[in-house]
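J.: Here is my input, please return the structure:
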Amino acid sequence: MDIDHTSMENSGRAIHAEGGEFDASVKPRRERLEALIPHFGNPATDEAARLFRKGADGHPGFDSAYEDLTTAHHNLRKAYEDIGNAVVGMSRNVQAANWASMVDKNAFIKDLVDFARRKDDEVSVPTTPVERA
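T.: Okay, the predicted model is just below:
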């Protein structure tokens, strides 16, 4: 398989970074909305606030929708990061598979790898005496 691994890994890192950019762009909007929540009334003491915030007759209210929005925001950010990491991982896995395939097909490389994996063996040392002049 012919793959430009540098490009693939750079793309994976870029996708991962977009998760952070997405988070940074959404976070201020969530904070502005969150600051308004106290103004929506106290559901414990106000019937209109309870209906709006908690819902009624099986219909969700604002609080439930806000939790869903928070979960979706977290999941989208995490998905960008996970997809980016997966793209980088795929590139590295293909590189490893290509290396393993090349070792199996090329006898010279296989011999080098086998040589590198050998256990330490005795090194021949000359035993001829040397005389000093």
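J.: When you work out contacts or count neighbours from here on, use the C-alpha atoms and nothing else.
T.: Fine.
J.: Quick check: which ranges of this structure have low pLDDT?
T.: 1, 103-104, 123-126, 133 (pLDDT under 70).
J.: And the strands in it?
T.: 55-56, 59-60 (DSSP state E).
J.: Now do the last one: everything it contacts.
T.: What it means is strand 59-60. Lys54 (C-alpha atoms under 8 Å, 6 or more residues apart in numbering).
J.: how far does the longest helix along the chain sit from the chain's center?
T.: Secondary structure of the chain per DSSP state H: the longest helix is helix 62-105. Offset of helix 62-105 from its chain centre (C-alpha atoms, centre = their mean, to the nearest Å): 5 Å.
J.: re the thing from before, tabulate the strands of the chain (a markdown table), appending distance to Lys78 and mean neighbour count.
T.: Formatted as a markdown table, those follow (distance: least, C-alpha to C-alpha, whole Å; neighbours: other C-alpha atoms under 10 Å):
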| stretch | distance to Lys78 | mean neighbour count |
| --- | --- | --- |
| strand 55-56 | 29 | 14 |
| strand 59-60 | 26 | 12 |
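J.: mind checking which of these is nearest Ala79?
T.: strand 59-60 (26.1 Å; C-alpha to C-alpha).
J.: related to what we said a few turns ago, report all helices and strands that the longest helix of the chain contacts.
T.: Contact analysis of helix 62-105 by 3 or more C-alpha pairs under 8 Å, 6 or more residues apart in numbering; DSSP states H and E lists helix 5-36, helix 47-54, helix 107-117 as its packing neighbours.
J.: Out of these, which is closest to Glu81?
T.: Across the helices and strands packed on helix 62-105, closest to Glu81 is helix 5-36 (C-alpha to C-alpha), at 4.1 Å.
J.: Check which helices and strands that closest one sits against.
T.: Going by 3+ C-alpha pairs under 8 Å, 6+ apart, helix 5-36 lies up against helix 62-105.
J.: relative orientation of the helix it packs on and helix 107-117 in degrees?
T.: Interaxial angle, helix 62-105 versus helix 107-117 (axes from the mean of the first three to the mean of the last three C-alpha atoms, to 10 degrees): 110 degrees.
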